[in-house]
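A.B. asks: Kindly return the folded structure for what I paste below:
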Amino acid sequence: MKKVILLSFGIGTLLFTSCDSKKDQKDSNQNSQEQIAKEDQQLLGGQKDDHGCLASAGENWSELKNTCIQVFNVGKRLNPIEVNKDEAVISAFVVFNDDKSKLELFLPSDGEHHAILDKTEDNIFKDKTYTYNDKESALYVDGVKKFISGK
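C.D. replies: Sure thing, here's the model as predicted:
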């Protein structure tokens, strides 16, 4: 009888410890899956720039607006005058401040490239390199018309 009790106790202890081991393994797998899900979420659009803008959502930091914006929704599109055959058209955008005394220019380039132009006279915004004529909806670079409104 003592052997049966000891044998039963031994089997019960073995089953209990193996179930506990499976529980630890299950918890470990669940934690691994949660970590992978968090990493996937970051890769799928969670990456923010220094200002908190989501590049994957098309957001850029606007100095004039002091917030993240989607220039294609907020700005005025300007298309290049010269486009090479079989090349993508990459637009520039202008975004005005609230009182239209300044504009922010977002130019197509490999890096972040934008400039702030001050209104110098009626419908004209300038800095050393760029001139935007609001009446023409045209952007001049070093005095040469390079972009026009994509109406």
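
A.B. asks: Can you give me the neighbour number for the closest residue to D50 other than its chain neighbours?
C.D. replies: In space, D50 comes closest to W61 once its chain neighbours are excluded; the distance is 8.0 Å by CB to CB, 6 or more residues apart in numbering. No exception for glycine: its C-beta is placed from N, CA and C like everyone else's. For W61, the count of nearby residues is 17 (other CB atoms under 10 Å).

A.B. asks: ditto for F93
C.D. replies: Considering only other CB under 10 Å, F93 is surrounded by 24 other residues.

A.B. asks: So, low pLDDT: which residues of this structure?
C.D. replies: 1-46, 110-112, 150-151 (pLDDT under 70).

A.B. asks: Helices of that one, start to end?
C.D. replies: For the chain, the helices defined by DSSP state H cover 2-41, 71-74.

A.B. asks: just to revisit the earlier point, pretty sure the residue nearest to D50 is touching H51, no?
C.D. replies: Yes. Contact criterion CB atoms under 8 Å: W61 and H51 qualify, at 4.0 Å.

A.B. asks: Now list whatever residues contact both of the two.
C.D. replies: Counting by CB atoms under 8 Å, 6 or more residues apart in numbering, the residues touching both W61 and H51 are C68.

A.B. asks: coming back round to it: tell me the bridge partners for the residue nearest to D50.
C.D. replies: With DSSP bridges as the criterion, W61 is bridged to C68.

A.B. asks: With N84 as the reference, measure out to it.
C.D. replies: Separation of W61 from N84 (CB to CB, to the nearest Å): 30 Å.

A.B. asks: What residues does the residue nearest to D50 make contact with?
C.D. replies: Counted by CB under 8 Å, 6+ apart, W61 has contacts 49-51, 53, 67-69.

A.B. asks: Could I get those in CSV, plus columns for distance to K135 and neighbour count?
C.D. replies: Shown next, in CSV, are these (distance: CB to CB, whole Å; neighbours: other CB atoms under 10 Å):
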residue, distance to K135, neighbour count
D49, 34, 13
D50, 36, 6
H51, 32, 13
C53, 31, 19
T67, 28, 13
C68, 30, 18
I69, 24, 21
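
A.B. asks: just curious, which of these is nearest to K119?
C.D. replies: Using CB to CB, I69 comes nearest to K119 of these, at 20.0 Å.
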